[in-house]
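Q: 3D model of this:
(2 chains)
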Amino acid sequence: MQRYLLKRTGAALVALWLSSVIVFAGVRALPGDAALALAGEERDPAALAEIREKYGLDDSVLEQYLRWAGLALRGDLGESVRTGLAVSETIVQKLPITIELAALSVLVGVLIGIPAGVIAASRKGKSADYVSNAVGLAGLSIPNFWLGLVLILLLAVKFPVFPASGYVPFLENPLGNLYNMILPAFVLGTGLAAVIMRQMRSSMLESLDTDYVRTARAKGLSEWSVVGIHAFRNSLITVVTVIGLQLGGLISGAVVTEQIFVIPGFGNLIVSAVFQRDLPVIQGAVLVAAAGYIVVNLLVDITYSLLNPRIRIAGDVA
Amino acid sequence: MVRISMLIATAAALAVFTAACTGQPASDPDQPEGQESFEGDAPARKGGEVTVALAEEPDALDPSIARTFVGRIVFANMCEKLYDTNSELDVVPQLAAELPEISEDGKTMTIPIREGVTFNDGTKLDAEAVKTSIERHKEITGSARSAELAPVESVEVVDPLTVQLNLSQPSAPLTALLADRSGMIMSPTQLEKLGDNFGDEPVCVGPFEFAERRAGDAIVLERAADYYDADAVNLDKVTFSIIDQGPVRAANLRSGEVDIAERLDTTSLEQVESDKNLRLYEATSIGYQGISINVGNVNGIDKPFGERDAPIASDPRIREAFEMALDRDAINKVVFNGRFEPSCSPIAPNSEFAPTDLDCGERDVEGAKALLEEAGVQTPVPVELMLSTDPTTVRLGEVIQELAKEAGFEVKARPTEFVSALDLADAGEFDTFQIGWSGRVDPDGNIYDFHHSEGALNISGAHDEEVDKLLESARTTIDPGQRTQIYADVIDAIRERRNIIYLYHENLFTGASADVVGLQYHGDGLLRLKSAGLAAN
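A: Alright, predicted model coming up:
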């Protein structure tokens, strides 16, 4: 078991290192650098040279990478070329905002997707099934930014029920925070709801077709307890897996949603950093995101191996 | 992202259509065109706060190294300068007590300083503080001011309230530059404390003082207790919120989430105008938009010039035909709903140096065809046009394409993300480039760097001794009348050479809640909130 853990952790560290190298090289491949983005209109060659010198942009890529990596290992992610603010501080401010948005979206997805899937499956071939399917298809097809803008114009401008945008820190004003998050979480959650609905429907149909459901029916159980308890519980397992798989998609969806609703989150940070070629910010943000994914994966692997000893043994042999 | 913003624009257009169908309040015929004060406005009450939506994130809030236009909007409310510009674009004293006294030979500039002024940390403003700031502007690593202040050789403290700038040569643009970031004076106490990190917590003289900055989100200013003209200030707090998508900025203004939104898209204007709770402020930009043509930049911007074999670079007659094929009024109507000012000059019409008798000529397709024939070039003449990726500029590219096609040009549009485009332009890897300039109050700032053979922004690689000499003499000629004449000659020469074909001056549009009174908005596009407030009652 220990060997397995060591091996998985080692692989995770390698993946983390590779992701930092790929991003570093990727940003370098873009035309224009942070100095040019910063100078913008006023890009006097002499001034550009000074900015490049100040941030070491003229050094070789390897030198720049080593310098960055050296500081990063000591927990220092440098400072933003554009704003001069510390990168680690900025990330710590923004990460919880996006995590909250993603969590609320999952909630929206589950609250809409699961009941819709159950109804569609238990009313298969009837109008409720068709309606759920059509709504699900729409949920999958409508892009976030369109839905977001339409909802802003409808529910914030035309009928001012919700704020058009903005963010209030949770600790400052928990209710205000949730109120501001309703529309963005709804927009981001609809796509997930559609995926969950379709997944729920198909696995429910599968469950409803099994012998144990037939037995349950034969025993004379009510339709509610057949569908709602026996079939439902077994279908949930696949849905939980799907939610896990969709988390990555949620984070990238958050990039667009945060732009529309002006939420100062992680996605917003990465997008503007790329346009400003703000390398320390891009590097730091991607490193943290990659670390997040890798840690989650590692935890999943470890959980699997705890649940299923065969994985552990296979890991030891290989 | 590029696709996202285009799609957002489409979505917004759709939404506008929907809104139009459901019936918006009719526009108020009595509402005056955007201007800085509205008749019958209620007086402002003391207190209250406003939120301003900015179109981009400002860079460091350090006057010595700041470069962005949007940063100047924030500075305009917390960092006063030796001089300021009024609504007529005249330079007027701000922290200086009077306009500078310039010696006979033009090489010394004496500036008296306003008495009884303190920085927002209580430090006294004096000649020593002015000297410290100007020297820091010139010398700090990564300075964005060193080129502007290059003529200043030394700063002398004459007495506690007088400084003298010793210049290497007379400099006509210098006073106007001291009405921008070069003239911002920073608290010496705070400079001592923060050094190079002054921008983390800037302290200047101003109606508001810096309170907080949340990266990518907001900058908060609060009323300054120590301000010398504190009685004129109404608001307690100003929050600058960064909202970079145009349609989102407009939607936030309409929903009341923000009180003021700067640089609205021309597509959002009708919604704002037809909303009784909002008002539109309009100002003609002191900048310009045009097409830069690469005539000699083959090795990069600070490298030797060369010959390009692209037809539009090799023969001035082809450039002339290209300009004749364009129709500035049609461009304005089709792309910008007629909201901008068609023009063929780099100097905005509201400048005292603007040429008065400029004839931009009419569109002449036949004349253009004849010129191409005379040049003996094979038609269609290929032209590659690099432009930015926002939907409006792409539309501009399409209109240019259509207009030029009739005269025998085949324009290929090349939408390119902004920083990449700047990189290609500086490297000389472009044929033509649709780009503009946000503008400076002094005409030198709109012309010299783009047309002088050694200009820092001469991406077209133009080089011509005559033009260089004219530009140099305009810099050292102090008399405004003579300067105006020199600039008229400069404009004739560069219009003949056509390394930049000027198309139009933008109008800047800011929307604000009708509750906001006393907001000042001029051609420099800055929002001056000093005496702004919320209407009483």
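
Q: Nearest the geometric middle of the chain, what residue?
A: Went with chain A since none was named. Compute the mean C-alpha point of chain A, and by C-alpha atoms, centre = their mean the closest residue is A:I251, 2.0 Å away.

Q: oops, I was thinking of chain B
A: B:S438 (2.5 Å).

Q: Touching, that residue and B:G525? I think so.
A: Yes: counting by C-beta atoms under 8 Å, B:G525 is a contact partner of B:S438 at 7.2 Å. Where C-beta positions appear, they are placed from N, C-alpha and C, glycine not excepted.

Q: Can you check which residues contact both of those two?
A: Residues touching both B:S438 and B:G525 by C-beta atoms under 8 Å, 6 or more residues apart in numbering or on different chains: B:F69, B:S285, B:I286.

Q: Specify the beta-bridge partners of B:T51.
A: B:T239 (DSSP bridges).

Q: can you count the residues close to it?
A: Using other C-beta atoms under 10 Å in any protein chain shown, the number of residues around B:T51 comes to 21.

Q: returning to what we had before: inside helices: which ones of the shared contacts of B:S438 and B:G525?
A: Per DSSP state H, helices hold the following members of the shared contacts of B:S438 and B:G525: B:F69.

Q: how about B:I219, secondary structure?
A: strand (DSSP: H, G, I helix; E, B strand; the rest coil).

Q: OK, contacts around it?
A: With C-beta under 8 Å, 6+ apart, B:I219 has these contacts: B:P58, B:L61, B:V74, B:F210, B:E212, B:R213, B:T239, B:F240.

Q: Bridged to it, which residues?
A: B:R213, B:F240.

Q: what sits against the closest residue to B:S87 other than its chain neighbours?
A: Closest residue in space to B:S87, ignoring its immediate chain neighbours: B:H522 at 4.8 Å, by C-beta to C-beta, 6 or more residues apart in numbering or on different chains. By C-beta under 8 Å, 6+ apart, the contact list for B:H522 reads B:E36, B:T85, B:N86, B:S87, B:L89, B:A283, B:R528.

Q: And B:H522, how far from B:K405?
A: According to C-beta to C-beta, to the nearest Å, B:H522 and B:K405 sit 39 Å apart.

Q: where does the chain dip in pLDDT?
A: Chain wasn't specified; assuming chain A. A:1, A:304, A:307-318 (pLDDT under 70).

Q: that's the wrong chain, I wanted chain B
A: B:1-40.

Q: if we can go back for a sec, export the contacts of B:I219 to a markdown table and tack on neighbour count?
A: A markdown table is the format used below for the contacts of B:I219 (neighbours: other C-beta atoms under 10 Å in any protein chain shown):
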| residue | neighbour count |
| --- | --- |
| B:P58 | 23 |
| B:L61 | 23 |
| B:V74 | 25 |
| B:F210 | 24 |
| B:E212 | 11 |
| B:R213 | 22 |
| B:T239 | 19 |
| B:F240 | 26 |
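
Q: which two of those residues lie the greatest distance from each other?
A: The span of these, defined through C-beta to C-beta, is set by B:L61 and B:T239 at 14.6 Å.

Q: how many other residues sit next to whatever residue of the stretch 201-318 of chain A ends up closest to chain B?
A: Closest residue of the stretch 201-318 of chain A to chain B, C-beta to the nearest C-beta: A:P264 (3.4 Å). Using other C-beta under 10 Å, A:P264 has 22 neighbouring residues.

Q: That one is in contact with B:I243, isn't it?
A: No: the pair A:P264 and B:I243 does not pass the contact test of C-beta under 8 Å, sitting 10.8 Å apart.

Q: on that earlier part again, and the gap between the residue nearest to B:S87 and chain A?
A: B:H522 sits 19 Å away from chain A, going by C-beta to the nearest C-beta, to the nearest Å.

Q: Just list the residues touching the residue of the stretch 151-300 of chain B found nearest chain A, thanks.
A: Residue nearest to chain A within the stretch 151-300 of chain B (C-beta to the nearest C-beta): B:D217, separated by 3.4 Å. By C-beta under 8 Å, 6+ apart, the contact list for B:D217 reads A:Y167, A:P264, B:S241, B:I242.

Q: Contact residues of the stretch 251-400 of chain B facing chain A?
A: Within reach of chain A by C-beta under 8 Å from any C-beta of the partner chain, the stretch 251-400 of chain B has these residues: B:A251, B:N252, B:R254, B:S255, B:G256, B:E257, B:I301, B:D302.

Q: Just the buried ones from the residues you listed?
A: B:A251, B:N252, B:R254, B:S255, B:G256, B:E257, B:I301 (16 or more other C-beta atoms under 10 Å in any protein chain shown).

Q: Strands of the stretch 201-350 of chain B, start to end?
A: B:208-214, B:218-223, B:237-242, B:260-261, B:278-284, B:288-293, B:341-342 (DSSP state E, counting those that start in this stretch).

Q: Just put these in JSON lines and tack on distance to B:E148.
A: What follows is the strands of the stretch 201-350 of chain B, written out as JSON lines (distance: least, C-beta to C-beta, whole Å):
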{"stretch": "strand B:208-214", "distance to B:E148": "24"}
{"stretch": "strand B:218-223", "distance to B:E148": "24"}
{"stretch": "strand B:237-242", "distance to B:E148": "25"}
{"stretch": "strand B:260-261", "distance to B:E148": "29"}
{"stretch": "strand B:278-284", "distance to B:E148": "23"}
{"stretch": "strand B:288-293", "distance to B:E148": "20"}
{"stretch": "strand B:341-342", "distance to B:E148": "27"}
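
Q: Flag every buried residue along the helix or strand B:L165 falls within.
A: Secondary structure assignment for B:L165, by DSSP states H and E: strand B:162-167. Within strand B:162-167, the residues scored as buried using 16+ other C-beta under 10 Å are B:T162, B:V163, B:Q164, B:L165, B:L167.

Q: can you redo these as JSON lines with distance to B:L470?
A: Converted to JSON lines, the buried residues of strand B:162-167 look like this (distance: C-beta to C-beta, whole Å):
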{"residue": "B:T162", "distance to B:L470": "35"}
{"residue": "B:V163", "distance to B:L470": "32"}
{"residue": "B:Q164", "distance to B:L470": "30"}
{"residue": "B:L165", "distance to B:L470": "25"}
{"residue": "B:L167", "distance to B:L470": "21"}
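
Q: Closest to B:R223 out of those residues?
A: B:V163 (28.9 Å).

Q: Is the closest one bridged to anything, and to what?
A: Bridge pairing for B:V163 - DSSP bridges - gives B:I111, B:V157.

Q: And it, how close does it get to B:G511?
A: Counting by C-beta to C-beta, the gap from B:V163 to B:G511 is 41 Å.

Q: wouldn't the residue nearest to the centre of chain A be in contact with A:I99 here?
A: No: in this structure A:I251 lies outside contact range of A:I99 using C-beta under 8 Å: 9.2 Å.

Q: Surely B:F430 touches B:I293?
A: No: using C-beta under 8 Å, B:F430 is not in contact with B:I293; the gap is 9.3 Å.

Q: which of these two has more neighbours?
A: B:I293 (29 against 23).

Q: And the residue lying closest to the more buried one once chain neighbours are set aside, how close does it get to A:M200?
A: The spatially closest residue to B:I293, leaving aside those adjacent along the chain, is B:T432, at 5.0 Å (C-beta to C-beta, 6+ apart). As defined by C-beta to C-beta, B:T432 lies at a distance of 56 Å from A:M200.

Q: repeat for A:V14
A: From A:V14 to A:M200 the distance is 37 Å (C-beta to C-beta).

Q: higher neighbour count, those two?
A: Neighbours were tallied for A:V14 and for A:M200 using other C-beta under 10 Å; the higher tally belongs to A:M200 (28 against 11).

Q: Which residues are in contact with the more buried one?
A: A:G113, A:I114, A:A116, A:G117, A:V118, A:A120, A:A121, A:S235, A:V239.

Q: Repeat the analysis, applying 6 Å as the threshold.
A: A:I114, A:G117, A:V239 (C-beta atoms under 6 Å, 6 or more residues apart in numbering or on different chains).

Q: what residues does chain A put near chain B?
A: Selection of chain A residues close to chain B by C-beta under 6 Å from any C-beta of the partner chain yields A:31-32, A:36-37, A:39, A:42, A:44-45, A:50-51, A:54, A:82-85, A:90, A:145-146, A:149-150, A:152-153, A:156-157, A:163-166, A:262, A:264, A:268-269, A:272, A:277.
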